[in-house]
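Q: Need the 3D shape of this:
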Amino acid sequence: MKQSLIAPCGMNCNVCIAYLREKNKCNGCRTTNIGYNRRCIIKNCKILKKNNWKYCNDKCKKFPCQRLKSLDKRYRTKYDFSMIKNLKIIKEKGIKNFIKNQEKKYQRKSGIFCIHKKKVIKI
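A: Below is the predicted model:
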């Protein structure tokens with residue numbers, strides 16, 4: 001899994017259907033401002049940019065902001081996936097350990113487990 005595919009909000013784009021699909025494929029949240037990520041409130045957060053932070057974190061007075069809380073709640077409910085938990089793990093254990101854990105959790109011999117489709121997608 002690529003570190004460059006961990007979004008500022010804690011989303012692992014490596015396991016996202018938008019990244020895994022073949023048609024209209026997303027290149028991840030850290031790519032140039034195209035498609036959805038051009039409008040992303042979190043990616044374009046002024047506090048994140050001003051402080052040159054790669055990820056949302058508890059150094060921010062608004063962490064977790066309302067947008068992140070809403071996104072996290074939706075993903076926990078629908079996909080059993082927490083961006084806020086991911087961000088805490090990144091802070092506590094570092095991005096490399098986070099990636100290793102994500103690989104163990106989602107990587108299969110036949111592909112990547114997609115959290116949205118709840119099945120392995122061949123890559």
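Q: Ignoring the adjacent residues along the chain, who's closest to Ser82?
A: Leaving aside its sequence neighbours, Ser82 sits nearest to Arg76 (CB to CB, 6 or more residues apart in numbering; 5.2 Å). For the C-beta atoms, the positions are set from N, CA and C on the backbone; glycine is no exception.
Q: which secondary structure element contains the one you found?
A: For Arg76, the element it lies in under DSSP states H and E is helix 66-79.
Q: Show residues contacting that helix.
A: Applying CB atoms under 8 Å, 6 or more residues apart in numbering, the contact partners of helix 66-79 are 9, 11, 41-42, 56, 64, 81-84, 115-116, 118.
Q: how about that helix: buried residues?
A: Leu68, Leu71, Asp72, Tyr75 (16 or more other CB atoms under 10 Å).
Q: Equivalent analysis for stretch 109-123, please.
A: Ile112, Phe113, Cys114, Ile115, His116, Val120, Ile121.
Q: Would you mind giving those residues as TSV with distance to Lys23 and pLDDT added?
A: Formatted as TSV, the entries for the buried residues of stretch 109-123 read as follows, by distance: CB to CB, whole Å; pLDDT from 0 to 100:
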residue	distance to Lys23	pLDDT
Ile112	17	97
Phe113	20	97
Cys114	15	97
Ile115	19	97
His116	15	96
Val120	19	96
Ile121	13	95
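Q: got a pLDDT number for Lys109?
A: You'll see Lys109 listed with a pLDDT of 94.
Q: contacting residues around it?
A: For Lys109, the contact set (CB under 8 Å, 6+ apart) is empty.
Q: and it, how far is that from Lys61?
A: Distance of Lys109 to Lys61, computed by CB to CB, to the nearest Å: 44 Å.
Q: can you give me the strands for the protein?
A: When assigned using DSSP state E, the strands of the chain occupy the ranges 107-108, 111-114, 119-121.
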